[in-house]
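Peer 1: next one to model:
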Amino acid sequence: MTLGDTAWLCAFLASLAAVLAASDRLVRAVEAAGDHFAWPPALVGLIAAAGADGPEVTAAIISLIKGQHDVSLGVILGSNLFNLAALLGVSILLVGFVGARRHGVVLNGTTLVAVTILASLLVAGTLPVLLAVGLVAATLAVYAAALLRGSRGAAARLSDDEAEEQQARAHEEDAAQGFPPSGQLLLVGLLATAVVIGGCTVLVNAALYLAPVAHLPRVWTGTFGLAILTSLPNVWVALALARRGRGAVLVSAVCNSNTINLAFGICLPALFTAIAPSATVLHLDLPALVLLSVLSVTLIWRNHGLGRRAAATLVVIYLAYAAIRTVIG
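Peer 2: Have a look, this model is predicted:
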């Protein structure tokens, strides 16, 4: 191993440690802010997903800039598949059943499935880029409107006494977690997000450098290697939420994470550069993603949450996909 290889390996390990530490700080800051300001679970999950999603989108854009279009597409599709298996499947297998209200599942799940189908049709060339992007934007606008209406409705249902009591509890929880009140929580969240994105930028470049050195198959660079590495902040967030029994926030975070990846990692770049998917992407990756997305939302809605049996189903399907993908290459 050369001196340059050693330097990149050290950078890889250091950035990985920084990303995981910042991810933990991020989820705690978002939870504290959600409790403090009485945000609905869907909004808390959205903010957590947005903060932890920077790595996937950053990795896809970096790969796109470097001219590695297949890696860029593999990062997004691979991350979304891994998210459903790891964030929902593995976290639930570790902690047991986590409940979620059907209203939140319908709101977040319907948006995820719609954007997944639209992005898949865009990649497959079935829908024109402008039409697909327009429909995705309209879907996100409807979701944002529903989320805003739900947030206002939750605030309106609280009486003055309830609001004061909830705020007092939020201050106590903030103090117990060691977080400052109000605006300083925003600063903590922004700093943690910056570290996550910056750390993953180094992580991605290190992985792109080390993959050829280690003679890893090209499929592992995007669809598995970078996809899994950039999803680690989301995995950390999901485990933290599952341990605390925050099922509604967990479902929102997973759905929003995948939605953000597709919207900003595929749909938005498609406006500026052509997408040329391989036959494997068209006939395996996209159908697997649509199947796993629909199945995940259906299982959560049907069971008012997710238990170990359903979680194991998601993990098994992903492992079967991974085995087939590795063989095909």
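Peer 1: for residue 96, grab phi and psi.
Peer 2: Reported as degrees, to the nearest 10, the phi and psi values for residue 96 are phi 100, psi -160.
Peer 1: tally up the residues packed near residue 215, please.
Peer 2: By other C-beta atoms under 10 Å, 6 other residues sit near residue 215. Every C-beta, even on glycine, is put in place using the N, C-alpha and C of the backbone.
Peer 1: which residue ranges form the strands in the protein?
Peer 2: For the chain, applying DSSP state E gives strands covering 98-99, 305-306.
Peer 1: buried deepest among those, which one?
Peer 2: strand 305-306 (a mean of 26; mean count of other C-beta atoms under 10 Å).
Peer 1: identify all contacting residues around that strand.
Peer 2: 88, 92, 97, 98, 99, 100, 247, 299, 300 (C-beta atoms under 8 Å, 6 or more residues apart in numbering).
Peer 1: hang on, the fifth one packs against residue 249?
Peer 2: Going back to what we said before, that points to residue 99. No. Residue 99 is not in contact with residue 249 according to C-beta atoms under 8 Å; the separation is 11.5 Å.
Peer 1: picking that back up, CSV for the contacts of strand 305-306, including distance to residue 194 and pLDDT?
Peer 2: Compiled in CSV, the contacts of strand 305-306 are given as follows (distance: C-beta to C-beta, whole Å; pLDDT from 0 to 100):
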residue, distance to residue 194, pLDDT
88, 27, 88
92, 30, 89
97, 35, 83
98, 30, 82
99, 33, 83
100, 30, 83
247, 29, 77
299, 35, 93
300, 32, 91
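Peer 1: of those residues, which is the nearest to residue 195?
Peer 2: Taking C-beta to C-beta as the measure, residue 88 is the one of the contacts of strand 305-306 closest to residue 195, at 25.5 Å.
Peer 1: how many residues are close by the closest one?
Peer 2: Count around residue 88 with other C-beta under 10 Å applied: 26.
Peer 1: now it: how far from residue 46?
Peer 2: 17 Å (C-beta to C-beta, to the nearest Å).
Peer 1: next: residue 313.
Peer 2: 26 Å.
Peer 1: with neighbour numbers in mind, choose between these two.
Peer 2: residue 46 (25 against 17).
Peer 1: so what's the more buried one up against?
Peer 2: Applying C-beta under 8 Å, 6+ apart, the residues near residue 46 are 147, 252, 253, 256.
Peer 1: which among those end up buried?
Peer 2: Neighbour-count burial (16 or more other C-beta atoms under 10 Å) is assigned, among the contacts of residue 46, to 147, 252, 253, 256.
Peer 1: quick one: low-confidence ranges for the stretch 1-150 of the chain?
Peer 2: Scanning the stretch 1-150 of the chain with the threshold set as pLDDT under 70 gives 1, 27, 31, 34-39, 42, 45, 48-54, 66, 150.
Peer 1: of the strands of the chain, which approaches residue 321 most closely?
Peer 2: Among the strands of the chain, strand 305-306 sits nearest to residue 321 (C-beta to C-beta), with 19.1 Å.
Peer 1: what lines up beside the closest one in the sheet?
Peer 2: In the sheet, strand 305-306 lines up against strand 98-99 (antiparallel) (DSSP bridges).
Peer 1: could you point out which of the contacts of strand 305-306 is nearest to residue 226?
Peer 2: Taking the contacts of strand 305-306 together and measuring to residue 226 by C-beta to C-beta, the closest member is residue 88, at 20.7 Å.
Peer 1: isn't that closest one up against residue 238?
Peer 2: Yes. The pair residue 88 / residue 238 is scored as a contact, 7.5 Å apart, by C-beta under 8 Å.
Peer 1: tell me which residue is most central in this structure.
Peer 2: residue 257 (2.8 Å; C-alpha atoms, centre = their mean).
Peer 1: test my guess that that residue contacts residue 87.
Peer 2: Yes. At 7.3 Å, residue 257 counts as touching residue 87 under the criterion of C-beta under 8 Å.
Peer 1: quickly list what's touching both of those two.
Peer 2: residue 234.
Peer 1: now the common contact residues for residue 88 and residue 238.
Peer 2: 250, 254.
Peer 1: what's the spacing between the nearest residue to residue 264 once chain neighbours are set aside and residue 196?
Peer 2: What sits nearest to residue 264 in space, not counting adjacent residues and going by C-beta to C-beta, 6 or more residues apart in numbering, is residue 57, at 4.9 Å. Residue 57 sits at a distance of 12 Å from residue 196 (criterion: C-beta to C-beta).
Peer 1: identify the residues contacting residue 278.
Peer 2: Residue 278 touches residue 70, counting by C-beta under 8 Å, 6+ apart.
Peer 1: quick one: residue 319 and residue 70, what's the gap?
Peer 2: 23 Å.
Peer 1: the two: which has the busier surroundings?
Peer 2: residue 70 (18 against 12).
Peer 1: now that one: how far from residue 328?
Peer 2: Residue 70 is 13 Å from residue 328, by C-beta to C-beta.
Peer 1: do the same with residue 283
Peer 2: When residue 283 is compared with residue 328 (using C-beta to C-beta), they lie 9 Å apart.
Peer 1: what do you get for residue 199?
Peer 2: From residue 199 to residue 328 the distance is 32 Å (C-beta to C-beta).
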